[in-house]
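J.: build the 3D model from these lines:
(2 chains)
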Amino acid sequence: MYRSLQEAVRDAESQKKTLGQLALETESRDQGRPVAEIRAALKRALDVMRGAIAQGLTGDLRSASGLVGGDAAKLHTRATGPLADTPFRDILSRALAVQEVNAAMGVIVAAPTAGGAGVLPAVLTGLADARKLGDEQLVDALATAGLIGAVVAERASLSGAEGGCQAETGAAAAMAAGAATEMLGGSPTQVVNAVALAQQGTLGLVCDPLGGLVELPCVFRNATGAAIALAAIEMALAGITFAIPADEVIDTMGEIGREMDVRYRETAGGGLAATPTGRRLARERLVQIKKA
Amino acid sequence: MVSLLDIIGPVMVGPSSSHTAGACRLGLLARCLVGGTPERARIELHGSFARTGEGHGTDKAIVGGLMGFRPDDERLRTSLEIAEKEGLDYKFEKTKLGEEGAVHPNTARISIERGGRTSVMVGSSLGAGRVLITEIDGYPVEVTGNYHTVVLVAEDIPGSVARIAGVLAEHHINIATLRLTRKERGGDAFMVIEIDDVPDERVRDELRALSWVKWAFRLEKVSA
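T.: Predicted structure coming up:
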């Protein structure tokens, strides 16, 4: 797979392909598997993503600690509010839904990780449903997202333990922003602008889950991550460019991650996890898990 | 090489790709070393596995993997109860396998027994569901589970690699990588052979039939 988005854009433009097509063909060559087989695997991932959204929106899930669950439904069923009946509201509730399923040991697609698994399905299926786009286009978008994620994995990291939350929900927002921009007709250049715009908005974001569990703030970080992705998509499709190339923004994310103190890398030693309330909740709830 | 399906995947039971999906894959690989679900298992958890494993279901995931459940199998949620019913006697301990920095924070040592055969495997969960086995029965190895893998211990005699490659060739199995390690000259040789195709039982039996092969097992491909 590609190690540079700039190279991928150059190849896509010279071969007159989308980044999604390029990703599928490159994966096919790398792994010695036919494109149809890779598309089928992505279609299965899409089905699981949709299943998790549907399950999460029902609202009767609780996490192992009981700290999270039921909020996706709360947002989904509310009739009023400044963003009622917008794709934005719908996408926020979908992101919460997937993460609530994840926290309850339900089946999800790690994309790129389980902790950031809500952003991509929420943004892609939410926008596709709003625009009446089909599964074929969503599978193409997942391939684009995979290419972007692979570049982030090579140049920076996709692990909160290594790079903080900027490497999980931040990378997920960058993948979702780029993939949706292409799905909605954006050019390869617009796609990488969306990646840069989304990733820059998450730089420095720490990984500070209470008790080290993928629950709080992870569930809500996926909703705010989706919001950042939507902002990036809207700007990129309007032709806004970001002066620092996406590859360099991703390199920066990696550098910040390496410099980040270990307390902010999934160890529950700093950030929200280390607040008085964070410590108290982790103490009380972990006891609950041990009993169960 | 990063694969698209590593990024958009795995399909898994939550909540953590490293602490749940990766942990399950470690269990899946370990069971192959005794040829099936073990009767007894002692699982030592190191670092972050020891610290946050309970909340992430790392215990359920490893035990589920030992019983052959894959990362997307919803039975992982109740695997500890299933293990008790099926007669898998498991025990978890927290341990320190080495200094911080020297050992990956998500590492487990799994000691298992089945039908009189015992095996000890050390493996780490690297993130996003990827795993690396670093030790089998005291031999240093590198097994990723990205391929079907044959592991075997043979007497360290000339021509052993050629003979084994020959058996695989006869069955039209293509070798992706081959690594040979030994603890000392003339000591037993430990071979890790990653292959492109799924070998059937006959391959294993033919390898075992070689008088100088002490044991051979096939590890499943556990990645997407």
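J.: leaving out the residues flanking it, which one is nearest to residue 3?
T.: Let's take chain A. The shortest distance from A:Arg3 to any non-neighbouring residue, by C-beta to C-beta, 6 or more residues apart in numbering or on different chains, is to A:Glu154 (4.6 Å). In this view, the C-beta of every residue, glycine as well, is placed from N, C-alpha and C.
J.: that answer is for a different chain, and I need it for chain B
T.: The shortest distance from B:Ser3 to any non-neighbouring residue, by C-beta to C-beta, 6+ apart, is to A:Gln31 (6.0 Å).
J.: buried sites along stretch A:27-40?
T.: Judged by neighbour count (16 or more other C-beta atoms under 10 Å in any protein chain shown), stretch A:27-40 contains these buried residues: A:Glu27, A:Ser28, A:Gln31, A:Ile38, A:Arg39.
J.: make a markdown table out of those and add distance to B:Val167, pLDDT and secondary structure.
T.: Supplementary listing: those in a markdown table, determined by distance: C-beta to C-beta, whole Å; pLDDT from 0 to 100; DSSP: H, G, I helix; E, B strand; the rest coil:
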| residue | distance to B:Val167 | pLDDT | secondary structure |
| --- | --- | --- | --- |
| A:Glu27 | 32 | 97 | helix |
| A:Ser28 | 31 | 97 | helix |
| A:Gln31 | 26 | 89 | helix |
| A:Ile38 | 32 | 97 | helix |
| A:Arg39 | 36 | 98 | helix |
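J.: out of these, the closest to chain B would be?
T.: Distance to chain B across the buried residues of stretch A:27-40 (C-beta to the nearest C-beta) is lowest for A:Glu27, with 4.3 Å.
J.: ok, the closest one touching B:Asp6?
T.: No: A:Glu27 lies out of contact with B:Asp6 (C-beta atoms under 8 Å); the separation is 10.3 Å.
J.: just give me the neighbour total for the residue nearest to A:Arg3.
T.: Close neighbours of A:Glu154, defined as other C-beta atoms under 10 Å in any protein chain shown, add up to 17.
J.: contacting residues around it?
T.: A:Met1, A:Arg3, B:Val2 (C-beta atoms under 8 Å, 6 or more residues apart in numbering or on different chains).
J.: out of those residues, which are buried?
T.: For the contacts of A:Glu154, a neighbour count by 16+ other C-beta under 10 Å gives the buried set as A:Met1, B:Val2.
J.: list the residues that contact A:Arg279.
T.: Applying C-beta under 8 Å, 6+ apart to A:Arg279 gives the contacts A:Ala273.
J.: host element of it?
T.: Assessed by DSSP states H and E, A:Arg279 sits inside helix A:276-291.
J.: got a list of what the residue most central in space within chain B touches?
T.: Centre of chain B computed as the mean C-alpha position; nearest residue by C-alpha atoms, centre = their mean is B:Leu29, 2.6 Å away. By C-beta under 8 Å, 6+ apart, the contact set of B:Leu29 is B:Gly65, B:Met121, B:Gly123, B:Val131, B:Ile133, B:Val143, B:Gly145, B:Leu219, B:Glu220, B:Val222.
J.: can we see that at 7 Å?
T.: B:Leu29 makes contact with B:Met121, B:Gly123, B:Ile133, B:Val143, B:Gly145, B:Leu219, B:Val222 under the criterion C-beta atoms under 7 Å, 6 or more residues apart in numbering or on different chains.
J.: ok, B:Gly98 next?
T.: Neighbour list for B:Gly98: empty [criterion: C-beta under 7 Å, 6+ apart].
J.: ok, it to B:Val131 distance?
T.: Per C-beta to C-beta, to the nearest Å, B:Gly98 is found 18 Å from B:Val131.
J.: check B:Thr18 and give its pLDDT.
T.: Heads up, residue B:18 is Ser, not Thr. On pLDDT, B:Ser18 comes in at 88.
J.: helix/strand/coil for it?
T.: helix (DSSP: H, G, I helix; E, B strand; the rest coil).
J.: measure it to chain A for me?
T.: In this view, B:Ser18 and chain A are 7 Å apart by C-beta to the nearest C-beta, to the nearest Å.
J.: pretty sure that residue is touching B:Asn106, no?
T.: Yes: counting by C-beta atoms under 7 Å, B:Ser18 does reach B:Asn106; the two are 5.4 Å apart.
J.: which neighbours do these two share?
T.: Shared contacts of B:Ser18 and B:Asn106 (C-beta under 7 Å, 6+ apart): B:Ser125.
J.: between these two, which is the more surrounded one?
T.: Ranked by neighbour count (other C-beta under 10 Å), B:Ser18 and B:Asn106 place B:Ser18 first, with 31 against 28.
J.: let me see the ranges of the strands in the chain.
T.: Picked chain A for this. All strands of chain A, identified by DSSP state E, fall at A:107-109.
J.: that was the other one, I meant chain B.
T.: So, for chain B - with DSSP E - the strands run B:11-13, B:40-47, B:89-95, B:106-114, B:117-127, B:130-136, B:139-143, B:148-154, B:175-182, B:189-195, B:213-219.
J.: give the contact list for the nearest residue to A:Ala8 once chain neighbours are set aside.
T.: Excluding the flanking residues, the one nearest A:Ala8 by C-beta to C-beta, 6+ apart is A:Tyr2, at 4.4 Å. Applying C-beta under 7 Å, 6+ apart to A:Tyr2 gives the contacts A:Ala8, A:Thr26, A:Leu147, A:Ala150, A:Val151.
J.: can you get me a residue count around B:Lys85?
T.: For B:Lys85, the count of nearby residues is 8 (other C-beta under 10 Å).
J.: do the same with A:Glu162
T.: By other C-beta under 10 Å, the burial measure for A:Glu162, its neighbour count, is 20.
J.: thinking it is in contact with A:Glu259, fair?
T.: No: taking contacts as C-beta under 7 Å, A:Glu162 lies outside contact range of A:Glu259: 11.7 Å.
J.: B:Glu99 - how many residues pack around it?
T.: Close neighbours of B:Glu99, defined as other C-beta under 10 Å, add up to 7.
J.: got the phi and psi for it?
T.: Torsion angles at B:Glu99 (phi, psi; degrees, to the nearest 10) stand at phi -70, psi 150.
J.: ok, it to A:Val35 distance?
T.: 46 Å.
J.: before we move on, what about B:Leu97?
T.: From B:Leu97 across to A:Val35, the span is 42 Å (C-beta to C-beta).
J.: chain A contacts on chain B?
T.: B:1-5, B:7-17, B:20-21, B:48, B:51-52, B:54-57, B:72, B:74, B:77, B:105, B:127-129, B:224 (C-beta under 7 Å from any C-beta of the partner chain).
J.: emit the ChimeraX select command for whichever of those residues are buried.
T.: Buried members of the residues of chain B next to chain A, defined by 16+ other C-beta under 10 Å, are picked up in ChimeraX with:
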select /B:2,3,4,5,7,8,9,10,11,12,13,14,15,16,17,20,21,48,51,52,54,55,56,57,72,77,105,127,128,129,224
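J.: what number of residues lie near A:Gln15?
T.: Other residues near A:Gln15 come to 11 when the count uses other C-beta under 10 Å.
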